[in-house]
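1. below: sequence and its predicted model.
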Amino acid sequence: MRLAEIWRYPVKSMAGERLETADLLSDGIAGDRALLVRDDRGRVVTARTRPMLLSHAARLGSDGEPLVDGLPWASAGVARAVEAAAGGGAGLVRADPGDRFDVLPLLVATDGAIAAFGRDGRRLRPNLIIEGVKGLAEREWEGRELRVGDALIGIEDLRRRCVMTTFDPDTLDQDVGVLRDIHVRFGGVLALNCLVLRAASIRTGDSVELLPAGREDWSRVR
């Protein structure tokens, strides 16, 4: 197995960027979900209820600060675009640690499961895609560990999928049958919730090894 793709989403619920290399830290990929949208009451807004957020793309600039559609995230143009997508009074803010991730800091998908899914893997919003995995083998990996290059990743469980999978990542056309299909064929879960047990720099092409559980004390990173 090897690491085929690395994805980072500097703004939660916006389109992300594909990377060749990344620093995998204790709280996920450096710069992932650095910003999020809050409404005028301070509540986190996501593409589950405001799918137009997915029409905007975020990446990190050379200074490490997020850019939205190529513009500095704090610019007036971005502020107007975010309000248009998420509602009046909504705006970008730096993410608090507890709000960055819906479950765990890392979502790992495999080429076998994406092939079985039969649709664009971007609908799953993975951070890492591992290739060389036969069929739905990932469904037997809960509680085990992955060595990716020099990094070590703990696999918690399968990810329960939501309405965000129903939106085409390019056109934003919605097909509710996608989520229905995930429930019928995959029991509503697809790809893996993971945490980082040993931080390291990773790059596409790194070898990936599936290890038994219990090689590290997971409690120290939860």
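-> Arrived safely.
2. relative to the whole chain's centre, how far out is whatever helix or strand Gly112 lives in?
-> Assigned by DSSP states H and E, Gly112 belongs to helix 111-117. Averaging C-alpha positions (C-alpha atoms, centre = their mean, to the nearest Å) puts helix 111-117 17 Å from its chain's average.
3. again with stretch 6-25
-> Taking C-alpha atoms, centre = their mean, one finds the center of stretch 6-25 at 8 Å from the center of the full chain.
4. before we move on, back to that, and the helix holding Gly112, what does it pack onto?
-> strand 128-131, helix 177-186, strand 189-198 (3 or more C-beta pairs under 8 Å, 6 or more residues apart in numbering; DSSP states H and E). (C-beta placed from N, C-alpha, C; glycine too.)
5. sheet partners, orientation included, of the very next helix or strand once past the shortest one?
-> Okay, so that is strand 128-131. Sequence-wise, the next helix or strand downstream of strand 128-131 (DSSP H and E) is strand 145-148. Note on strand 145-148: by DSSP bridges, its sheet partners are strand 151-160 (antiparallel), strand 208-211 (antiparallel).
6. for the nearest residue to Arg94 once chain neighbours are set aside, give the beta-bridge partners.
-> Leaving aside its sequence neighbours, Arg94 sits nearest to Leu35 (C-beta to C-beta, 6 or more residues apart in numbering; 6.0 Å). Beta-bridge pairing for Leu35 (DSSP bridges): Val11, Arg94.
7. residues touching the nearest residue to Arg119 once chain neighbours are set aside, list them.
-> Nearest residue to Arg119, sequence neighbours excluded (C-beta to C-beta, 6+ apart): Val178, at 6.5 Å. Counting by C-beta atoms under 8 Å, 6 or more residues apart in numbering, Val178 touches Arg119, Arg123, Thr165, Thr166.
8. what of Glu131?
-> Contacts of Glu131 (C-beta under 8 Å, 6+ apart): Met1, Arg2, Leu3, Ala4, Thr110, Asp111.
9. mind running it again at 10 Å?
-> Met1, Arg2, Leu3, Ala4, Glu5, Thr110, Asp111, Gly112, Ile114, Thr204, Val208 (C-beta atoms under 10 Å, 6 or more residues apart in numbering).
10. what's the most distant pair in those residues?
-> Gly112 and Thr204 (17.9 Å; C-beta to C-beta).
11. re earlier: out of the contacts of Glu131, who's the most crowded?
-> For the contacts of Glu131, the largest neighbour count, defined by other C-beta atoms under 10 Å, is 28 neighbours, found at Thr110.
12. spatially, what comes nearest to that one if we skip its sequence neighbours?
-> Val133 (3.8 Å).
13. next, count neighbours for that neighbour.
-> What Val133 shows, counting by other C-beta under 10 Å, is a neighbour count of 21.
14. which residues does it contact?
-> Met1, Ala4, Ala109, Thr110, Asp111, Gly112, Ala113, Ile114, Ala115, Trp141, Val208, Leu210.
15. now with 6 Å, please.
-> Thr110, Asp111, Gly112 (C-beta atoms under 6 Å, 6 or more residues apart in numbering).
16. which residue ranges make up the domains of this structure?
-> 2-28+102-212, 30-99 (automatic domain parsing).
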